[in-house]
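> predicted model, plus sequence, below.
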Amino acid sequence: MRNLLISSFLLLISFTVTAHPGIGIVKDNKGNIYYTDLGKVWKISLDGSKTVVVSGVHTHELYMDEHDNLYGEHLWYNGETQNTWGHYDWCLKNTGELVKEIDPTEGFPSNYSFVRDSSGNIYWVERFTTSKIMKKTKSGEVMKLTEGKFGFIGWLTCTKNGSLYFTENNKLHRLSPHGKSDSYRIETLAESIGSKSTDFSMMGRNYDSYGIWTDAAGNVYLAMIDSKKVIRIGADGNAQTILTSNSLWTVCSGIFDNNGNMWVLENSVSNKVRVRKITKEDLAGNKTAGSFTTKPHLFITIFTVAGIILLFLAAKTILNKRKQKLHHFAI
Amino acid sequence: MLYILSFLLSWLSGMLVILIAAFFSYDQFSMIDIASFAMMTFAGFLILFLLIYLIVLKVINNKIAGSKQFIYFPIIFSLLANLPAYFLIWKSMGDLYGSSEAALFILGFLTNGFVFGLFWAWKNKMMAETSGI
């Protein structure tokens, strides 16, 4: 009985759980936007046309260097028998040539990531009981920037000058070069940035914030994947909601183009991916672009009340008919 | 027919309480949440209904009579008949969902049992009034 119930629960919950969405959205020097849908990498040209530039790659992240070379990975699962993962890392050169940066290797990338500054330094997080944020210089030297007993550290993002932003549970931190070379300082920019949500929406995660990006003015933007909104954190540490998605889509990441428009990468309940452009006028006017077009919670509550009334009336009708029958026989 | 109606009425009432409680408990209650709660309470309550509620109803219908049914039926269904559900909700807490979701599930099942008990007490009263004629 218990197993049966637990199995039913697991079966049912499996319908509601979605995969791990990507955050890869980058731009080249001309202003073209590139993004991943976890199966292909798309390019949105300046004229708005969309083309696939790399296909058959499961990459969550992308990186565009200053010469417009695009980097990504391909991750795959080797099946339940082996229960192992494999990956290779690729680069789409600015000439259009696709090359493998790292050949197919078992496991996940190590000492490698797509979080890089303009000097070509690579940064990544090692998440353990004591987590570390690591750096690999262009010359190959690996160093530890910070370590500590952090909560869950989400995606890492890096500005051109090497300042790193990351969330730890519901806090936003900045790790930036400080004073002499190789010295880094960690600052907490904002606390309590998460929203109160159910474990179902959280998809087994213990955090709400997802992709992080910055603008030219130094504001930090966080995609709140569960509460389906984008918040902007200014220098004062105050969080302001600047965008919400409708109930079927959630913002996972974003980027600013050369004209100050914000492009957001969104993931749907059915794991579809799209990109939306939010013009700088909309952002300046603090318009909540594409705000909730439906309020499923409220509508379903109203429908439920209506359903209860209908069922009650149906039951009353049936009972009245039975009463009439009994009454008829009694007479 | 009345069994099906009482099942649906009780389940929907439980869902309504969950939906209303969610307005005060969460900042965001999406379609995923609603579908998860709906499917899990429906499956759980269906199993409970087929394996426990119908048997308990048969037993207590014969043992408890009159207006006492309005007190005892809701109590028996919402507390005693739901015990396996409460146990499973408590047992799965942490693995499948957190404590706030568990609280909503318990609230939902309490309502299911309460409404189911009231429904059958009301049904019995209506039929008894007719028989009295």
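Sure thing, it's come through.
> can you tell me which residue is spatially central in chain A?
The centre of chain A sits closest to A:C252, judged by CA atoms, centre = their mean, with a distance of 3.1 Å.
> element containing it, please.
strand A:249-256 (DSSP states H and E).
> what helices or strands is that strand leaning on?
On a contact count with 3 or more CB pairs under 8 Å, 6 or more residues apart in numbering or on different chains; DSSP states H and E, strand A:249-256 meets strand A:25-27, strand A:209-214, strand A:220-224, strand A:229-233, strand A:262-268. All C-beta atoms are positioned from the backbone trio N, CA, C, and that covers glycine.
> so which of those strands is nearest A:Y112?
Closest approach to A:Y112 among these is made by strand A:25-27 (17.1 Å; CB to CB).
> can you mark which positions in the longest helix along chain A are buried?
Counting residues, the longest helix found in chain A (DSSP state H) is helix A:296-330. Residues of helix A:296-330 classed as buried: A:296-297, A:300-301, A:304, A:307-308, A:311-312, A:314-315, A:319, A:323 (neighbour count, 16 or more other CB atoms under 10 Å in any protein chain shown).
> which one's the longest helix in chain B?
Counting residues, the longest helix found in chain B (DSSP H) is helix B:99-132.
> same for it, what does it pack against?
The contact analysis (3+ CB pairs under 8 Å, 6+ apart) places helix B:99-132 against helix A:296-330, helix B:2-25, helix B:31-48, helix B:54-63, helix B:69-75, helix B:83-92.
> circling back: let me know the angle separating the longest helix of chain A from helix B:2-25.
Angle of helix A:296-330 versus helix B:2-25, following axes from the mean of the first three to the mean of the last three CA atoms, to 10 degrees, is 150 degrees.
> where does pLDDT dip in the stretch 1-150 of chain A?
Along the stretch 1-150 of chain A, the parts satisfying pLDDT under 70 run over A:1-19.
> show me the helices in it, by range?
Assigned by DSSP state H, counting those that start in this stretch, the helices in the stretch 1-150 of chain A fall at A:2-16.
> average model confidence for stretch B:76-86?
Throughout stretch B:76-86, pLDDT has a mean value of 91.
> an error on my part: the question was meant for stretch B:34-51.
Stretch B:34-51 shows an average pLDDT of 90 in the prediction.
> any idea how far the residue nearest the centre of chain B is from A:G140?
In chain B, the residue lying closest to the centroid (CA atoms, centre = their mean) is B:N112, at 1.5 Å. Separation of B:N112 from A:G140 (CB to CB, to the nearest Å): 63 Å.
> ok, A:N267 next?
To A:G140, A:N267 is 35 Å away according to CB to CB.
> more neighbours, these two?
Higher neighbour count among A:N267 and A:G140: A:N267, with 27 against 8, using other CB atoms under 10 Å in any protein chain shown.
> next, the residue lying closest to the residue nearest to the centre of chain A once chain neighbours are set aside: phi, psi?
What sits nearest to A:C252 in space, not counting adjacent residues and going by CB to CB, 6 or more residues apart in numbering or on different chains, is A:P21, at 4.6 Å. Phi and psi for A:P21, reported as degrees, to the nearest 10, are phi -70, psi 160.
> what parts of the stretch 201-331 of chain A come near chain B?
Neighbours of chain B within the stretch 201-331 of chain A, by CB under 8 Å from any CB of the partner chain: A:201, A:226-228, A:247-248, A:269, A:296-297, A:300-301, A:304-305, A:307-308, A:311-312, A:314-315, A:318-319, A:322-323, A:326-327, A:330.
> what's the most buried one of the helices and strands packed on strand A:249-256?
Among these, ranked by average contacts under mean count of other CB atoms under 10 Å in any protein chain shown, first place goes to strand A:220-224 (a mean of 27).
> is it true that A:E73 touches A:E61?
Yes. The pair A:E73 and A:E61 passes the contact test of CB atoms under 8 Å, sitting 7.2 Å apart.
> the more surrounded of these two?
Legend: neighbour count by other CB under 10 Å for A:E73 and A:E61, higher for A:E73 (24 against 21).
> surely A:H67 touches A:N94?
Yes. Distance between A:H67 and A:N94: 5.8 Å, which falls inside the contact criterion (CB under 8 Å).
> list the contacts of the closest residue to A:Y221 other than its chain neighbours.
Among residues not flanking A:Y221 along the chain, A:W213 sits closest, at 5.0 Å (CB to CB, 6+ apart). With contacts defined as CB atoms under 8 Å, 6 or more residues apart in numbering or on different chains, A:W213 is in contact with A:T157, A:V220, A:Y221, A:S253, A:G254, A:I255, A:F256.
> same deal with A:D182?
By CB under 8 Å, 6+ apart, the residues touching A:D182 are A:M143.
> count of residues packed around residue 40?
This is for chain A. Neighbourhood size, A:K40 [other CB under 10 Å]: 16.
> actually, chain B is the one I wanted.
Other residues near B:M40 come to 24 when the count uses other CB under 10 Å.
> same check, this time on the one 3 residues further on
For B:A43, the number of neighbouring residues by other CB under 10 Å comes to 17.
> equivalent analysis for B:G14, please.
29.
> one more: the one 5 residues further on?
B:L19 has 24 neighbouring residues, counting by other CB under 10 Å.
> list the buried residues in stretch A:137-149.
A:L145, A:T146.
> mind checking the end-to-end distance for it?
End-to-end distance of stretch A:137-149 (CA to CA, to the nearest Å): 25 Å.
> run through who's touching that stretch.
With CB under 8 Å, 6+ apart, stretch A:137-149 has contacts from A:111, A:119-121, A:123, A:129-136, A:164, A:175, A:182, A:184, A:186.
> which ones are touching the spatially closest residue to A:K171 that is not a sequence neighbour?
In space, and not counting its chain neighbours, A:K171 is closest to A:E191: 5.0 Å by CB to CB, 6+ apart. Residues near A:E191 by CB under 8 Å, 6+ apart: A:N170, A:K171, A:L172, A:G237.
> so which of those wins on neighbours?
A:L172 (23 neighbours).
> returning to what we had before: what mean pLDDT does the longest helix of chain A have?
Averaging pLDDT along helix A:296-330 gives 85.
> tell me the angle that helix makes with helix B:31-48.
Here helix A:296-330 points in a direction 30 degrees away from that of helix B:31-48 (the same axes, to 10 degrees).
> A:I186 falls within a strand, correct?
Yes. Assessed by DSSP: H, G, I helix; E, B strand; the rest coil, A:I186 belongs to a strand.
> and it, what does it touch?
By CB under 8 Å, 6+ apart, the contact set of A:I186 is A:T146, A:H173, A:R174, A:L175.
> so the last one sits against A:E168, correct?
Right, the one you point to is A:L175. No. Using CB under 8 Å, A:L175 is not in contact with A:E168, being 11.0 Å away.
> if you rank the contacts of A:W213 by neighbours, which is first?
Neighbour-wise, these (other CB under 10 Å) top out at A:S253, 32 neighbours.
> from A:G22, how far off is the residue nearest to that one when sequence neighbours are not counted?
Using CB to CB, 6+ apart and skipping residues adjacent in sequence, the residue nearest A:S253 is A:G211, 2.8 Å away. Plainly put, A:G211 is 9 Å away from A:G22 if you go by CB to CB.
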